[in-house]
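Trainee: With the input below, show me the fold.
(one chain, ligands or ions: 1)
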Amino acid sequence: MKNSIKLIIGAAGQIGTELTLKLREMHTNSSVIASDIREGNDELMHSGTFEVLDATDKIAIQAVVEKHHISEVYLMAAMLSVTAEKHPKKAWDLNMNSLLHVLELAKEGVIKKVFWPSSIAVFGNSSPPIYTPQKTILEPTTVYGISKLAGENWCAYYKDKYNVDVRSVRYPGIISWKTKPGGGTTDYAVEIYHKALADGSYECFLAENTRLPMMYMDDAIKATVNLVNADLPKTFTSYNIAAIDFTPSEIAKSILKYIPAFKIKYSPDFRQKIAESWPESIDDSQAKRDWSWQHTFSLERMTEVMLENLKK
Ligand code: AKB
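Mentor: Reported below is the predicted structural model:
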């Protein structure tokens, strides 16, 4: 797969942008095609080919795949937890149809490999909240979580029935500075850095002791790239991956070390209930065993890097 051409669907989003840039750096700019329904930031647009692509349109996906001789697809387009609660049917259509289109293209042999991210949103109130295991009760409470769980089952089905090479991780909340996230419950952990620098204060939509699993972007990209290139067991698994977990008050404390006058106020809203249905921490021992997953960034290091880069 060294010289395979890669297509990122949803390349203008928070993870899609950095994944595209990383793959372009690792391979060549011309072997990584970015696509999204809207244009991305300057770095993304100027570093290689970009195609406007609606992820729900199978004919359009196939046309781009054939035009560029794509063999690997990274399907990063999705509606996240908060937006999906506002538009359940639209979220289901985007999150499911895009996946089924890509899996069908893989089944037909048009593409060879698929990466599709799931999320900690597959867990619900009945899952054990601390060190949530890989295999456990999965009763999601959000439309987003329901779509991710159904997606995991579809991936397992296509792998088992049609031997489709599809790989997946359950991302926790992802924190980064290049592109802002949109519509997620874990977005507060990005907003807080922006507001700390711009206003010296932040009004948090989660309660101060709400602990959630999180990860710095570089670790999320490393997990994605390593998983796609690993030799894996035959059965499909959407892998739990863990890095750090913290509460709003703990991330605020880490910011206070750099901005001593920083103030935080807690005004939990409807997003609190979503956060409370998700794990506090994740057991990722199977990812460690199967493909040697290991995170790098601590909360302290992440705060340092976030503030340093956002200041620029
Ligand atoms: C969200 O908050 O919806 C996402 C996720 C945890 O998948 N960041």
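
Trainee: need the residues of the stretch 151-300 of the chain near the ligand, please.
Mentor: 171, 173, 184, 185, 186 (CB under 6 Å from any ligand atom). Every residue, glycine included, has its C-beta placed from N, CA and C.

Trainee: Can you pull the phi and psi angles for the fourth one?
Mentor: Right, the one you point to is residue 185. phi -80, psi -30 (degrees, to the nearest 10).

Trainee: these two touch, right, it and residue 274?
Mentor: Yes: Residue 185 sits in contact with residue 274 when judged by CB atoms under 8 Å, with a separation of 4.6 Å.

Trainee: mind checking pLDDT for the residue of the stretch 101-250 of the chain found nearest the ligand?
Mentor: Here the stretch 101-250 of the chain gets closest to the ligand at one residue, residue 184, 2.8 Å apart by CB to the nearest ligand atom. pLDDT for residue 184: 98.

Trainee: hmm, back to that, format the residues of the stretch 151-300 of the chain next to the ligand as CSV; extra columns: neighbour count.
Mentor: Supplementary listing: those in CSV, determined by neighbours: other CB atoms under 10 Å:
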residue, neighbour count
171, 22
173, 25
184, 24
185, 28
186, 27
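
Trainee: Farthest-apart pair in those, please.
Mentor: Using CB to CB, those reach their maximum pairwise distance at 171 and 185, which is 12.6 Å.

Trainee: Go through the helix or strand where residue 203 lies and flag the buried ones.
Mentor: Assigned by DSSP states H and E, residue 203 belongs to strand 201-204. By 16 or more other CB atoms under 10 Å, the buried positions in strand 201-204 come out as 202, 204.

Trainee: strand partners of it, parallel vs antiparallel please.
Mentor: Using DSSP bridges, the strands paired with strand 201-204 are strand 263-266 (parallel).

Trainee: Would you mind identifying the next helix or strand past the strand it pairs with?
Mentor: helix 271-277.
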